[in-house]
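K.L.:
here's a sequence, model it:
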Amino acid sequence: MRPLGLNLRVLLAAVLPAALVAVALAAIFTARQVASLEEALLARGRAEARQLASNAEFGLFSGNRDFLERAVRNLSQADGAITGVAVIDAGGAALVRQGLSVLPEWPPIGEERDFLSGETLVVVTPIRREVLAVEDIYSGFSQPAAAGRISGLVVLELSRAPLLRERFYLLLATLIVALFGLIVGGVLAVRIARGVTRPVLHISDVVRRIAAGDLQARVTPDAGDAVRQLEHGINDMAQRIASAQGNLREQITAATAELRQRKDEAEEVAATKSRFLASASHDLRQPMHALGLFVSRLGRMSLDHEAHGVVRYIESSVSVMQDLLDTLLDISRIDAGLVTPTLAPVAVSRLFDRLEIELAESIRRKGLEFRRHGGEGLWLLTDAALLERILMNLLSNAGRYTQRGGVLLACRRRGDAAWLEVWDTGIGIPLEAQRTVFQEYMQLGNPERDRAKGLGLGLSICERLARLLRTPLRMQSRPGYGSVFRIEVPLAAGVPEPAVAPAVAEMVGMSGTVLIVDDDPLVLASTTQLVASWGCRTFAAASVAEVMGECDAAGCRPDAAICDYRLRGFENGVHTARTLRLRYGDLPVLLLSGDLTDSVREAAERHQLALLGKPMKPARLRALLQSMLNQGPG
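P.N.:
Numbers count the residues shown, from 1 in each chain. Sure thing, here's the model as predicted:
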């Protein structure tokens, strides 16, 4: 429904109250006049009925019908509103009757009464035999005057038609007067409204134009003092808005330029941070990786007892340094916002295989039992790298804080999700510490700050990565009995059953020909010596062309290859793997990288390459290499 216009609303405001008052007054006046007419008709009818009853007393007593007829005829001729008259004796017989069309039967003998029947007023008056006052001065007998008994009735009918016509004429006259008043009031209201609403509408139009952005719109004053003040106020407001908008535009321009400059600076800082982290991930991990391999090779050499003790201490220190470096770089990447989840279907069995290859041996070397349970045929919708990092940290913590018993890696299906759990029989976590255990640098059971037990960032990283994946990470623990950490991951739909993965290799002697490609001389030398010490024949070089030349010159066919991702020039580990497979068929290739970015992981998965990050534990490298050699070229 469209709203009423201003002119119409002003007109209604002026005329409607007057109209209502006029109608109310007309209704009251008409009602009172009609009531007065009704009362007058009733009073006249009663008076005429009483007069006839008084005259009819003699005729009724004497039985003179002629007298009664003359009295009835005279009354009817005297009042034209009378439509019927009847005189009834005490037995109910009508002595005289004229008209009387509304009564189906005579009313019973009784007191005076009246009633309406349609447009007819019926008045019933009793005929009483009067008892006259008597006083005999001779005999002393006296009798006061009194009303005698009822000897009959007078029934009188009067038409209300003249009264109704009078009421109609009253209403018509009232309506004509009220309508005339409304017309006169409406004309006056229109003239007044135009004088008031014209400037108001003009002001409204100017305000609308100002709101639409036309700050040059102004009101032309042409009304009385009050509205003129409003018009001047509108013009002043428009001028101030225009001035304020100009100043605001200047401020917005300056602020935008400043924000753009800060945005460019922030982007440059983010780019610098990204370059630093990428460089740190590679350049810091390369020598650490080489050092770990050299120490492992040194431990396999023939040394005296004292030298072997020194090597074990060095190996322990290198392992701690590798863990600390991995943790610090991971936390830096998360804080810099460089970690973005990429959701894709992930086979639980393959994920568990990789975790077992990397961590099972280190846990078993502590005399603990490592077991895995469930997950066969299940696929998760998650980021494989981030989920693997969470589980790896949880398994490392479980092995670090468990002195006897074992560690269990389990998967249980729960509706449309899966619970991935890490159980241990370690020291457990007290209830009061379970709320703070995910905070940074929070460690339990390490008051001496033993660096071999890490920096206290492992669970903090797990909690942050779980938040990135939007998967809840929960914990239950009982001091002295152990702990269980559980992460709930949604299942992926419509994916095939995973292919059966090769069994995890036992740590036995290995044999085979391995190609090693790395442009870092230290890493190349350490990797070559360590793999050779495991019983493999190795060909190593800084490029794929060189290593293939050496292998072909020796007349050998490789069984596996280890390639660094970053190589010289435009070459990288993925290109190297493709080149090797073009020459030697479906060759198992292990890709090593100091910076496990999403692009590196996607490339490795797309070309079906095994992937390990630097620095790594030699045991992880050996377990994965043993699995690749068992698989052999396809």
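K.L.:
alpha carbons only for contacts and neighbour counts from here, please
P.N.:
Will do.
K.L.:
for the stretch 101-250 of the chain, which segments count as helices?
P.N.:
Residue ranges of the helices in the stretch 101-250 of the chain, as given by DSSP state H, counting those that start in this stretch, are 161-211, 225-283.
K.L.:
which of those is buried the deepest?
P.N.:
The highest mean neighbour count among the helices of the stretch 101-250 of the chain, using mean count of other C-alpha atoms under 10 Å, belongs to helix 161-211: a mean of 16.
K.L.:
other SSEs contacting that one?
P.N.:
In terms of contact count using 3 or more C-alpha pairs under 8 Å, 6 or more residues apart in numbering; DSSP states H and E, helix 161-211 is assigned the packing partners helix 6-62, helix 225-283.
K.L.:
could you pull up the residues touching Ser76?
P.N.:
When contacts are counted by C-alpha atoms under 8 Å, 6 or more residues apart in numbering, Ser76 is found next to 82-85.
K.L.:
looking at the residues you listed, which is nearest Leu524?
P.N.:
Nearest to Leu524, judged by C-alpha to C-alpha, of the contacts of Ser76 is Thr83 at 138.4 Å.
K.L.:
which residues are in contact with that closest one?
P.N.:
With contact taken as C-alpha under 8 Å, 6+ apart, Thr83 is in contact with 76, 99-100, 157-159.
K.L.:
using TSV, lay out the residues you listed together with distance to Leu469 and pLDDT.
P.N.:
What follows is the contacts of Thr83, written out as TSV (distance: C-alpha to C-alpha, whole Å; pLDDT from 0 to 100):
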residue	distance to Leu469	pLDDT
Ser76	110	82
Gly99	106	77
Leu100	103	68
Glu157	101	87
Leu158	100	84
Ser159	98	84
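K.L.:
and Leu355, how many neighbours?
P.N.:
Other residues within reach of Leu355, judged by other C-alpha atoms under 10 Å, total 18.
K.L.:
was I right to think it contacts Met392?
P.N.:
Yes - contact between Leu355 and Met392 holds when scored by C-alpha atoms under 8 Å: they sit 6.7 Å apart.
K.L.:
got the phi and psi for the residue nearest to the spatial centre of the chain?
P.N.:
Nearest to the centroid of the C-alpha atoms of the chain, with distances taken as C-alpha atoms, centre = their mean, sits Arg470, at 18.7 Å. Here is the backbone geometry of Arg470 (degrees, to the nearest 10): phi 60, psi 40.
K.L.:
tell me the pLDDT of it.
P.N.:
At Arg470, the pLDDT value in this model is 89.
K.L.:
what do you get for the one 5 residues further on?
P.N.:
As predicted, Met475 sits at a pLDDT of 88.
K.L.:
check the secondary structure at it for me.
P.N.:
Using DSSP: H, G, I helix; E, B strand; the rest coil as the criterion, the local structure at Met475 reads strand.
K.L.:
what sits closest to it if chain neighbours are left out?
P.N.:
If the residues on either side of it in the chain are set aside, Met475 comes closest to Phe485, at 4.5 Å by C-alpha to C-alpha, 6 or more residues apart in numbering.
K.L.:
what residues sit buried inside stretch 118-128?
P.N.:
120-128 (16 or more other C-alpha atoms under 10 Å).
K.L.:
just flag the most distant two among the residues you listed.
P.N.:
The span of the buried residues of stretch 118-128, defined through C-alpha to C-alpha, is set by Thr120 and Arg128 at 25.5 Å.
K.L.:
and Phe370, how far from Ala623?
P.N.:
15 Å (C-alpha to C-alpha, to the nearest Å).
K.L.:
what's the answer for Ile234, then?
P.N.:
For Ile234 relative to Ala623 (C-alpha to C-alpha), the value is 84 Å.
K.L.:
so how far is stretch 151-166 off the chain centroid?
P.N.:
Averaged C-alpha coordinates place stretch 151-166 at 78 Å from its chain's average position (C-alpha atoms, centre = their mean, to the nearest Å).
K.L.:
how about stretch 346-362?
P.N.:
Between the mean C-alpha location of stretch 346-362 and the chain-wide mean there is a distance of 41 Å, by C-alpha atoms, centre = their mean.
K.L.:
ok, residues contacting it?
P.N.:
Surrounding stretch 346-362, the residues in contact under the criterion C-alpha under 8 Å, 6+ apart are 370, 372, 375-384, 388, 391-392, 395-396, 409, 492, 498, 501, 504, 617, 619-621, 623-624.
K.L.:
please pick the buried ones from those.
P.N.:
370, 372, 375, 378-384, 391-392, 395-396, 409, 492, 504, 617, 619-621, 623-624.
K.L.:
in strands, which of these appear?
P.N.:
Mapping those onto strands (DSSP state E) picks out 370, 372, 379-382, 409.
K.L.:
and Leu473, what are its bridge partners?
P.N.:
Listed beta-bridge partners, Leu473: Ile487 (assigned using DSSP bridges).
K.L.:
residues contacting it?
P.N.:
Contact criterion C-alpha under 8 Å, 6+ apart gives 463, 466, 485-488 as the residues in contact with Leu473.
K.L.:
same thing but at 10 Å, please
P.N.:
Leu473 makes contact with 390, 419-421, 462-467, 485-489 under the criterion C-alpha atoms under 10 Å, 6 or more residues apart in numbering.
K.L.:
what of Ala344?
P.N.:
By C-alpha under 10 Å, 6+ apart, the residues touching Ala344 are 379-384, 492.
K.L.:
re earlier: and the pLDDT for the residue nearest to Met475?
P.N.:
Looking at Phe485, its pLDDT stands at 92.
K.L.:
hey, which helix or strand in this structure has the poorest pLDDT?
P.N.:
With mean pLDDT, DSSP states H and E as the measure, the helix or strand of the chain carrying the lowest mean pLDDT is strand 134-135 (a mean of 56).
K.L.:
show me the domain layout of this protein.
P.N.:
6-167, 215-266, 284-308+323-332+502-634, 339-501 (automatic domain parsing).
K.L.:
now the strands for the stretch 501-634 of the chain?
P.N.:
Under the criterion DSSP state E, counting those that start in this stretch, the stretch 501-634 of the chain contains strands at 513-517, 537-541, 560-564, 589-593, 610-613.
K.L.:
show me where the stretch 351-500 of the chain has its strands.
P.N.:
Remark: strands of the stretch 351-500 of the chain, listed N- to C-terminal, are 369-373, 379-382, 406-414, 417-424, 473-478, 482-490; assignment by DSSP E, counting those that start in this stretch.
K.L.:
same list (these) but as TSV, adding distance to Glu432.
P.N.:
Supplementary listing: the strands of the stretch 351-500 of the chain in TSV, determined by distance: least, C-alpha to C-alpha, whole Å:
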stretch	distance to Glu432
strand 369-373	29
strand 379-382	32
strand 406-414	24
strand 417-424	20
strand 473-478	11
strand 482-490	14
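K.L.:
out of those strands, which gets nearest to Glu267?
P.N.:
strand 379-382 (28.6 Å).
K.L.:
hmm, who's touching the closest one?
P.N.:
The contact list for strand 379-382, computed with C-alpha under 10 Å, 6+ apart, reads 341-350, 416-418, 469-471, 489-498.
K.L.:
kindly recompute the last result at 7 Å.
P.N.:
Strand 379-382 is touched from outside by 343-348, 489-492, with contacts defined as C-alpha atoms under 7 Å, 6 or more residues apart in numbering.
K.L.:
alright, calling it a day.
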